[in-house]
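S.K.: structure, please.
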Amino acid sequence: MASSKMSVSEANSRASNEKRFLFQSILGQGSFGTVMKAKDKVTGDLVAIKIVKTHSSLLDRILKRRSKELAEAHQEVDMLLKLSHKNVLHMESYYEFRVKLKEVGLCIVTEYCSNGNLQQYLSSNDSKPGRDDCMNWYLQLTSGLAYIHSKGIVHRDLKPPNILITSSNDLKIADVGLAKAVWDLKTESNEAPSDTSFLHYMSSITGTPCYMAPEVWEEHYNTSSDVFSLALIFIMIREAPSPLLPVGKWNERTDSIGLLLYRYPDSRLEEPVSLFSPSFSVSDQKEKLLFNKMLQYDYHKRPTLQEIMTEIEDMRRPRPQELETTSDEDNGDNSSWCVII
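M.R.: Predicted structure coming up:
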(Lines give C-alpha, C1' and ligand atoms only; values in the text may rest on other atoms or scores of the structure.)
Protein backbone atom coordinates (compact mmCIF):
# COMPACT_ATOMS: atom_id res chain seq x y z
CA MET A 1 0.00 0.00 0.00
CA ALA A 2 1.36 3.39 -0.92
CA SER A 3 1.94 6.02 1.71
CA SER A 4 -0.99 8.34 2.51
CA LYS A 5 1.31 11.18 3.58
CA MET A 6 1.29 14.31 1.48
CA SER A 7 3.35 17.48 1.18
CA VAL A 8 1.95 21.02 1.01
CA SER A 9 2.96 21.43 -2.65
CA GLU A 10 1.42 18.08 -3.56
CA ALA A 11 -1.81 19.06 -1.80
CA ASN A 12 -2.03 22.27 -3.82
CA SER A 13 -1.36 20.46 -7.10
CA ARG A 14 -3.93 17.77 -6.30
CA ALA A 15 -6.58 20.41 -5.61
CA SER A 16 -6.66 21.30 -9.31
CA ASN A 17 -10.43 20.85 -9.42
CA GLU A 18 -10.98 23.03 -6.38
CA LYS A 19 -9.32 26.45 -6.62
CA ARG A 20 -10.89 27.92 -3.51
CA PHE A 21 -8.28 26.80 -0.95
CA LEU A 22 -4.57 27.51 -0.62
CA PHE A 23 -2.82 24.87 1.48
CA GLN A 24 -0.29 26.29 3.94
CA SER A 25 1.01 23.61 6.30
CA ILE A 26 0.52 20.08 7.60
CA LEU A 27 -1.41 19.80 10.87
CA GLY A 28 -1.29 16.04 11.18
CA GLN A 29 -0.84 12.78 9.27
CA GLY A 30 -2.13 9.28 9.75
CA SER A 31 -3.04 6.06 7.98
CA PHE A 32 -6.42 7.48 6.98
CA GLY A 33 -5.13 10.71 5.46
CA THR A 34 -3.48 14.07 5.98
CA VAL A 35 -4.91 17.13 7.74
CA MET A 36 -3.78 20.44 6.26
CA LYS A 37 -4.09 24.05 7.31
CA ALA A 38 -5.45 26.10 4.40
CA LYS A 39 -6.76 29.54 3.55
CA ASP A 40 -10.17 30.02 1.99
CA LYS A 41 -9.43 32.48 -0.83
CA VAL A 42 -13.08 33.56 -0.98
CA THR A 43 -13.61 34.44 2.69
CA GLY A 44 -10.00 34.83 3.81
CA ASP A 45 -10.65 32.44 6.71
CA LEU A 46 -8.29 29.71 7.84
CA VAL A 47 -9.71 26.19 7.64
CA ALA A 48 -8.54 22.64 8.25
CA ILE A 49 -8.89 20.13 5.43
CA LYS A 50 -8.67 16.37 5.88
CA ILE A 51 -7.41 14.84 2.63
CA VAL A 52 -8.23 11.17 2.08
CA LYS A 53 -6.53 9.42 -0.84
CA THR A 54 -7.86 6.40 -2.71
CA HIS A 55 -5.02 4.11 -1.74
CA SER A 56 -6.32 4.29 1.82
CA SER A 57 -7.96 0.87 2.28
CA LEU A 58 -10.99 2.47 3.91
CA LEU A 59 -11.72 4.82 1.00
CA ASP A 60 -11.08 2.03 -1.50
CA ARG A 61 -13.85 0.05 0.14
CA ILE A 62 -16.15 3.06 0.33
CA LEU A 63 -15.76 3.61 -3.43
CA LYS A 64 -16.61 -0.04 -4.07
CA ARG A 65 -19.93 0.20 -2.25
CA ARG A 66 -23.13 -0.31 -4.21
CA SER A 67 -24.76 2.88 -5.48
CA LYS A 68 -27.53 2.70 -2.86
CA GLU A 69 -25.01 2.39 -0.04
CA LEU A 70 -22.94 5.21 -1.49
CA ALA A 71 -26.02 7.45 -1.65
CA GLU A 72 -26.74 6.64 2.00
CA ALA A 73 -23.15 7.53 2.86
CA HIS A 74 -23.57 10.93 1.19
CA GLN A 75 -26.77 11.44 3.18
CA GLU A 76 -24.81 10.77 6.37
CA VAL A 77 -22.21 13.38 5.39
CA ASP A 78 -24.96 15.87 4.57
CA MET A 79 -26.35 15.31 8.07
CA LEU A 80 -22.91 15.98 9.58
CA LEU A 81 -22.77 19.27 7.70
CA LYS A 82 -25.87 20.39 9.60
CA LEU A 83 -24.39 19.79 13.06
CA SER A 84 -24.01 23.05 14.97
CA HIS A 85 -22.73 23.20 18.55
CA LYS A 86 -20.02 25.31 20.14
CA ASN A 87 -18.18 22.20 21.36
CA VAL A 88 -18.44 20.16 18.14
CA LEU A 89 -16.05 20.83 15.27
CA HIS A 90 -18.03 22.34 12.41
CA MET A 91 -17.77 20.59 9.04
CA GLU A 92 -18.08 23.29 6.37
CA SER A 93 -18.01 21.27 3.15
CA TYR A 94 -16.47 18.34 1.33
CA TYR A 95 -15.40 17.73 -2.24
CA GLU A 96 -13.69 15.16 -4.43
CA PHE A 97 -10.60 15.79 -6.50
CA ARG A 98 -9.17 13.81 -9.39
CA VAL A 99 -5.64 14.07 -10.75
CA LYS A 100 -5.36 10.93 -12.85
CA LEU A 101 -8.03 8.78 -14.46
CA LYS A 102 -8.07 6.26 -11.62
CA GLU A 103 -6.89 8.48 -8.77
CA VAL A 104 -9.62 10.10 -6.70
CA GLY A 105 -9.48 11.74 -3.30
CA LEU A 106 -11.88 13.24 -0.80
CA CYS A 107 -11.36 16.55 1.04
CA ILE A 108 -13.34 17.32 4.21
CA VAL A 109 -13.28 21.03 5.11
CA THR A 110 -13.74 22.01 8.77
CA GLU A 111 -13.19 25.05 10.93
CA TYR A 112 -9.60 25.62 12.05
CA CYS A 113 -8.57 25.33 15.73
CA SER A 114 -5.30 27.16 16.30
CA ASN A 115 -4.25 25.50 19.58
CA GLY A 116 -3.95 21.96 18.24
CA ASN A 117 -5.50 18.91 19.87
CA LEU A 118 -5.89 17.82 23.47
CA GLN A 119 -3.27 15.07 23.14
CA GLN A 120 -0.67 17.63 22.08
CA TYR A 121 -1.65 19.90 24.95
CA LEU A 122 -1.44 17.16 27.57
CA SER A 123 1.91 15.95 26.23
CA SER A 124 3.55 19.37 26.02
CA ASN A 125 2.47 20.91 29.33
CA ASP A 126 4.33 19.88 32.47
CA SER A 127 1.71 21.29 34.83
CA LYS A 128 -1.82 19.95 35.21
CA PRO A 129 -4.79 22.15 34.32
CA GLY A 130 -6.31 23.91 37.33
CA ARG A 131 -9.45 22.53 38.93
CA ASP A 132 -11.67 25.23 37.42
CA ASP A 133 -10.20 24.57 33.96
CA CYS A 134 -10.79 20.83 34.39
CA MET A 135 -14.42 21.34 35.37
CA ASN A 136 -14.98 23.72 32.47
CA TRP A 137 -13.50 21.24 29.99
CA TYR A 138 -15.48 18.34 31.49
CA LEU A 139 -18.67 20.32 30.99
CA GLN A 140 -17.79 21.38 27.44
CA LEU A 141 -17.07 17.82 26.34
CA THR A 142 -20.19 16.44 28.01
CA SER A 143 -22.35 19.14 26.42
CA GLY A 144 -20.86 18.54 22.97
CA LEU A 145 -21.27 14.78 23.24
CA ALA A 146 -24.86 15.15 24.47
CA TYR A 147 -25.61 17.20 21.37
CA ILE A 148 -24.05 14.56 19.09
CA HIS A 149 -26.12 11.84 20.77
CA SER A 150 -29.28 13.96 20.46
CA LYS A 151 -28.81 13.79 16.68
CA GLY A 152 -28.77 10.00 16.77
CA ILE A 153 -24.99 9.77 16.37
CA VAL A 154 -22.62 7.68 18.50
CA HIS A 155 -19.06 9.00 18.17
CA ARG A 156 -17.28 5.63 18.66
CA ASP A 157 -13.77 7.09 18.73
CA LEU A 158 -13.49 9.62 21.55
CA LYS A 159 -9.85 10.25 22.46
CA PRO A 160 -7.61 13.30 23.09
CA PRO A 161 -6.31 13.54 19.47
CA ASN A 162 -9.94 13.92 18.32
CA ILE A 163 -10.56 16.87 20.63
CA LEU A 164 -9.36 20.22 19.29
CA ILE A 165 -8.57 23.42 21.19
CA THR A 166 -9.60 26.85 19.93
CA SER A 167 -7.69 30.10 20.33
CA SER A 168 -9.83 30.82 23.41
CA ASN A 169 -8.95 27.39 24.90
CA ASP A 170 -12.41 25.94 24.36
CA LEU A 171 -12.73 22.28 23.33
CA LYS A 172 -14.38 20.91 20.20
CA ILE A 173 -15.09 17.26 19.46
CA ALA A 174 -13.80 16.27 16.02
CA ASP A 175 -14.07 13.31 13.63
CA VAL A 176 -17.79 12.84 14.28
CA GLY A 177 -19.04 10.11 11.96
CA LEU A 178 -15.61 8.89 10.84
CA ALA A 179 -15.46 5.88 13.15
CA LYS A 180 -18.97 4.86 12.07
CA ALA A 181 -17.71 4.45 8.52
CA VAL A 182 -14.97 2.14 9.77
CA TRP A 183 -17.44 0.21 11.90
CA ASP A 184 -19.87 -0.22 9.00
CA LEU A 185 -17.14 -1.44 6.69
CA LYS A 186 -15.92 -3.90 9.28
CA THR A 187 -19.38 -5.40 9.71
CA GLU A 188 -19.81 -5.56 5.91
CA SER A 189 -16.59 -7.51 5.46
CA ASN A 190 -16.57 -11.27 5.07
CA GLU A 191 -13.92 -11.70 7.75
CA ALA A 192 -14.87 -13.55 10.90
CA PRO A 193 -15.11 -11.07 13.79
CA SER A 194 -12.20 -11.21 16.20
CA ASP A 195 -10.37 -9.02 18.70
CA THR A 196 -7.42 -8.89 16.32
CA SER A 197 -9.30 -7.84 13.19
CA PHE A 198 -11.33 -5.21 15.02
CA LEU A 199 -8.24 -3.87 16.78
CA HIS A 200 -6.56 -3.53 13.37
CA TYR A 201 -9.41 -1.40 12.04
CA MET A 202 -9.80 0.78 15.10
CA SER A 203 -6.12 1.31 15.90
CA SER A 204 -4.72 1.67 12.39
CA ILE A 205 -7.50 3.83 10.99
CA THR A 206 -9.47 5.61 13.67
CA GLY A 207 -9.23 4.35 17.18
CA THR A 208 -6.98 3.91 20.17
CA PRO A 209 -7.65 0.74 22.22
CA CYS A 210 -6.78 2.62 25.41
CA TYR A 211 -10.11 4.49 25.24
CA MET A 212 -12.40 1.64 24.13
CA ALA A 213 -15.17 0.47 26.47
CA PRO A 214 -15.34 -3.24 27.43
CA GLU A 215 -18.40 -3.94 25.28
CA VAL A 216 -16.65 -2.55 22.20
CA TRP A 217 -14.34 -5.57 22.30
CA GLU A 218 -17.49 -7.64 21.89
CA GLU A 219 -18.35 -5.42 18.91
CA HIS A 220 -21.33 -3.92 20.69
CA TYR A 221 -21.51 -0.13 20.73
CA ASN A 222 -23.98 2.36 22.19
CA THR A 223 -24.07 5.84 23.68
CA SER A 224 -22.85 4.50 27.03
CA SER A 225 -19.68 3.33 25.31
CA ASP A 226 -18.92 6.98 24.58
CA VAL A 227 -19.49 7.72 28.29
CA PHE A 228 -16.76 5.21 29.20
CA SER A 229 -14.32 6.86 26.79
CA LEU A 230 -15.30 10.29 28.09
CA ALA A 231 -14.40 9.29 31.66
CA LEU A 232 -10.92 8.24 30.57
CA ILE A 233 -10.46 11.58 28.81
CA PHE A 234 -11.56 13.39 31.98
CA ILE A 235 -8.93 11.50 33.95
CA MET A 236 -6.29 12.23 31.33
CA ILE A 237 -7.10 15.94 31.62
CA ARG A 238 -6.94 15.75 35.41
CA GLU A 239 -3.78 13.66 35.65
CA ALA A 240 -1.81 15.12 32.72
CA PRO A 241 0.86 14.36 31.74
CA SER A 242 0.70 10.97 33.54
CA PRO A 243 -0.01 8.01 31.22
CA LEU A 244 -3.36 6.22 31.42
CA LEU A 245 -2.20 2.68 32.15
CA PRO A 246 -3.27 -0.12 34.50
CA VAL A 247 -1.07 -0.49 37.59
CA GLY A 248 0.35 -3.40 39.57
CA LYS A 249 -0.74 -6.89 38.56
CA TRP A 250 -3.21 -5.43 36.05
CA ASN A 251 -0.42 -3.88 34.01
CA GLU A 252 0.99 -7.35 33.38
CA ARG A 253 -2.22 -8.33 31.58
CA THR A 254 -2.94 -5.43 29.22
CA ASP A 255 -2.42 -1.69 28.75
CA SER A 256 -6.13 -1.03 28.06
CA ILE A 257 -8.65 -0.52 30.89
CA GLY A 258 -11.59 -1.52 28.69
CA LEU A 259 -9.88 -4.68 27.48
CA LEU A 260 -8.87 -5.51 31.06
CA LEU A 261 -12.50 -5.35 32.21
CA TYR A 262 -13.63 -7.35 29.18
CA ARG A 263 -11.13 -10.19 29.47
CA TYR A 264 -10.62 -10.50 33.24
CA PRO A 265 -13.78 -10.77 35.38
CA ASP A 266 -11.78 -10.41 38.61
CA SER A 267 -10.89 -6.84 37.61
CA ARG A 268 -14.60 -5.95 37.75
CA LEU A 269 -14.56 -6.48 41.53
CA GLU A 270 -12.31 -3.44 41.95
CA GLU A 271 -13.18 0.24 41.87
CA PRO A 272 -12.52 1.17 38.23
CA VAL A 273 -10.26 4.12 39.08
CA SER A 274 -8.15 1.90 41.35
CA LEU A 275 -7.09 -0.10 38.30
CA PHE A 276 -4.86 2.76 37.20
CA SER A 277 -4.63 4.58 40.53
CA PRO A 278 -5.04 8.30 39.89
CA SER A 279 -4.58 10.28 43.10
CA PHE A 280 -7.71 11.72 44.73
CA SER A 281 -7.70 13.96 47.79
CA VAL A 282 -10.55 13.87 50.29
CA SER A 283 -12.04 16.97 48.66
CA ASP A 284 -12.17 15.19 45.28
CA GLN A 285 -14.38 12.30 46.36
CA LYS A 286 -17.32 13.50 44.25
CA GLU A 287 -15.05 13.49 41.21
CA LYS A 288 -13.80 10.01 42.03
CA LEU A 289 -17.36 8.73 42.49
CA LEU A 290 -18.41 10.18 39.13
CA PHE A 291 -15.48 8.54 37.33
CA ASN A 292 -16.27 5.18 38.95
CA LYS A 293 -19.88 5.43 37.76
CA MET A 294 -18.85 6.30 34.21
CA LEU A 295 -16.33 3.43 34.07
CA GLN A 296 -18.61 0.63 35.24
CA TYR A 297 -18.29 -2.61 33.32
CA ASP A 298 -22.08 -2.90 32.96
CA TYR A 299 -22.91 -0.12 30.52
CA HIS A 300 -26.56 -0.13 31.66
CA LYS A 301 -25.40 1.27 35.01
CA ARG A 302 -23.37 4.16 33.63
CA PRO A 303 -24.89 7.62 34.12
CA THR A 304 -26.51 9.55 31.31
CA LEU A 305 -24.79 12.64 29.94
CA GLN A 306 -27.45 14.83 31.56
CA GLU A 307 -26.71 13.22 34.93
CA ILE A 308 -23.00 13.77 34.35
CA MET A 309 -23.55 17.45 33.53
CA THR A 310 -25.61 17.87 36.70
CA GLU A 311 -22.83 16.36 38.82
CA ILE A 312 -20.17 18.49 37.15
CA GLU A 313 -22.21 21.63 37.78
CA ASP A 314 -22.49 20.58 41.41
CA MET A 315 -18.72 20.09 41.64
CA ARG A 316 -18.13 23.50 40.06
CA ARG A 317 -19.93 25.28 42.88
CA PRO A 318 -17.61 26.92 45.45
CA ARG A 319 -16.60 24.38 48.07
CA PRO A 320 -16.59 25.11 51.83
CA GLN A 321 -13.14 26.40 52.68
CA GLU A 322 -11.07 25.69 55.73
CA LEU A 323 -11.05 28.04 58.67
CA GLU A 324 -8.87 31.03 58.03
CA THR A 325 -6.87 33.06 60.49
CA THR A 326 -6.53 36.77 60.03
CA SER A 327 -5.80 39.83 62.11
CA ASP A 328 -8.27 42.49 63.11
CA GLU A 329 -6.30 45.47 61.86
CA ASP A 330 -9.12 47.94 62.43
CA ASN A 331 -9.07 47.36 66.18
CA GLY A 332 -5.36 46.84 66.41
CA ASP A 333 -6.14 43.45 67.87
CA ASN A 334 -3.55 40.78 67.14
CA SER A 335 -5.79 37.99 68.35
CA SER A 336 -6.96 35.58 65.66
CA TRP A 337 -10.53 34.97 64.56
CA CYS A 338 -12.25 32.42 62.40
CA VAL A 339 -14.60 32.81 59.49
CA ILE A 340 -16.33 30.14 57.45
CA ILE A 341 -16.91 31.16 53.84
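
S.K.: the nearest residue to Tyr94 once chain neighbours are set aside: neighbour count?
M.R.: Using Cβ to Cβ, 6 or more residues apart in numbering and skipping the chain neighbours, the partner closest in space to Tyr94 is Ile108 (4.8 Å). From N, CA and C alone the C-beta is placed, and that goes for glycine too. Per other Cβ atoms under 10 Å, the neighbour tally for Ile108 reads 22.

S.K.: spit out the contact partners of Ile108.
M.R.: Contacts for Ile108 (Cβ atoms under 8 Å, 6 or more residues apart in numbering) come out as Ile49, Lys50, Val52, Met91, Tyr94.

S.K.: report the secondary structure element holding the third one.
M.R.: Assigned by DSSP states H and E, Val52 belongs to strand 46-53.

S.K.: strand partners of that strand, parallel vs antiparallel please.
M.R.: Here strand 46-53 is paired, per DSSP bridges, with strand 34-40 (antiparallel), strand 103-111 (antiparallel).

S.K.: rewinding a little: and the pLDDT at the residue nearest to Tyr94?
M.R.: Looking at Ile108, its pLDDT stands at 85.

S.K.: hang on, Phe23 packs against Leu46?
M.R.: No. In this structure, Phe23 is not within contact of Leu46 by Cβ atoms under 8 Å, at 11.2 Å.

S.K.: neighbour count: those two, which is higher?
M.R.: Neighbour count, other Cβ under 10 Å: between Phe23 and Leu46, Phe23 has more, with 22 against 14.

S.K.: for the more buried one, which three-state class applies?
M.R.: strand (DSSP: H, G, I helix; E, B strand; the rest coil).

S.K.: bridging residues for it?
M.R.: Ala38.

S.K.: still on that earlier bit, now the strand holding Val52: buried residues?
M.R.: Val47, Ala48, Ile49, Lys50, Ile51, Val52, Lys53 (16 or more other Cβ atoms under 10 Å).

S.K.: contacting residues around the second one?
M.R.: What it means is Ala48. When contacts are counted by Cβ under 8 Å, 6+ apart, Ala48 touches Leu27, Val35, Met36, Lys37, Ala38, Val109, Thr110, Glu111, Tyr112, Cys113.

S.K.: ok, Leu261 next?
M.R.: Contacts of Leu261 by Cβ under 8 Å, 6+ apart are Pro214, Ser267, Arg268, Pro272, Tyr297.

S.K.: of the residues you listed, closest to Asp314?
M.R.: Pro272 (20.5 Å; Cβ to Cβ).

S.K.: for the nearest residue to that closest one once chain neighbours are set aside, phi and psi?
M.R.: Leaving aside its chain neighbours, Pro272 sits nearest to Leu295 (3.5 Å; criterion: Cβ to Cβ, 6+ apart). When quoted as degrees, to the nearest 10, the phi and psi of Leu295 stand at phi -100, psi 10.

S.K.: repeat that for Leu289.
M.R.: Dihedral pair for Leu289: phi -60, psi -40, per degrees, to the nearest 10.

S.K.: how about low-confidence regions in the protein?
M.R.: Within the chain, the stretches with pLDDT under 70 are 1-18, 30-32, 53-76, 97-105, 178-208, 241-243, 281-283, 319-341.

S.K.: okay, the contacts of Ile108 in TSV with distance to His149 next?
M.R.: Formatted as TSV, these follow (distance: Cβ to Cβ, whole Å):
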residue	distance to His149
Ile49	27
Lys50	23
Val52	26
Met91	17
Tyr94	23
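
S.K.: what's the closest of those to Asp284?
M.R.: For the contacts of Ile108, the nearest to Asp284 is Met91 (36.7 Å; Cβ to Cβ).

S.K.: what ranges do the helices span in the stretch 1-150 of the chain?
M.R.: Taking DSSP state H, counting those that start in this stretch, the helices of the stretch 1-150 of the chain run over residues 8-14, 57-63, 67-81, 118-124, 131-150.

S.K.: identify the residues contacting the fourth one?
M.R.: By Cβ under 8 Å, 6+ apart, the surrounding residues in contact with helix 118-124 are 115, 159-161, 163-165, 171, 233, 236-237, 240-241.

S.K.: buried ones in that helix?
M.R.: Neighbour-count burial for helix 118-124 [16+ other Cβ under 10 Å]: Leu118, Gln119, Tyr121, Leu122.

S.K.: tell me the one of those residues nearest Arg263?
M.R.: Gln119 (25.8 Å).

S.K.: Lys172 in helix, strand or coil?
M.R.: Lys172 - assigned by three-state DSSP - is strand.

S.K.: burial check on it, number of neighbours?
M.R.: 23.

S.K.: ditto for Glu311
M.R.: 19.

S.K.: verify the stated contact: it with Asn292.
M.R.: No. Counting by Cβ under 8 Å, Asn292 is not a contact partner of Glu311; they are 11.8 Å apart.

S.K.: and the two most separated of the contacts of Ile108?
M.R.: The largest distance within the contacts of Ile108, taken as Cβ to Cβ, falls between Val52 and Met91 and amounts to 13.6 Å.

S.K.: got the residue ranges for the strands in the stretch 201-341 of the chain?
M.R.: Per DSSP state E, counting those that start in this stretch, the stretch 201-341 of the chain carries strands over the ranges 324-328, 333-339.

S.K.: quick one: end-to-end distance for stretch 235-246.
M.R.: End-to-end distance for stretch 235-246: 13 Å, by Cα to Cα, to the nearest Å.
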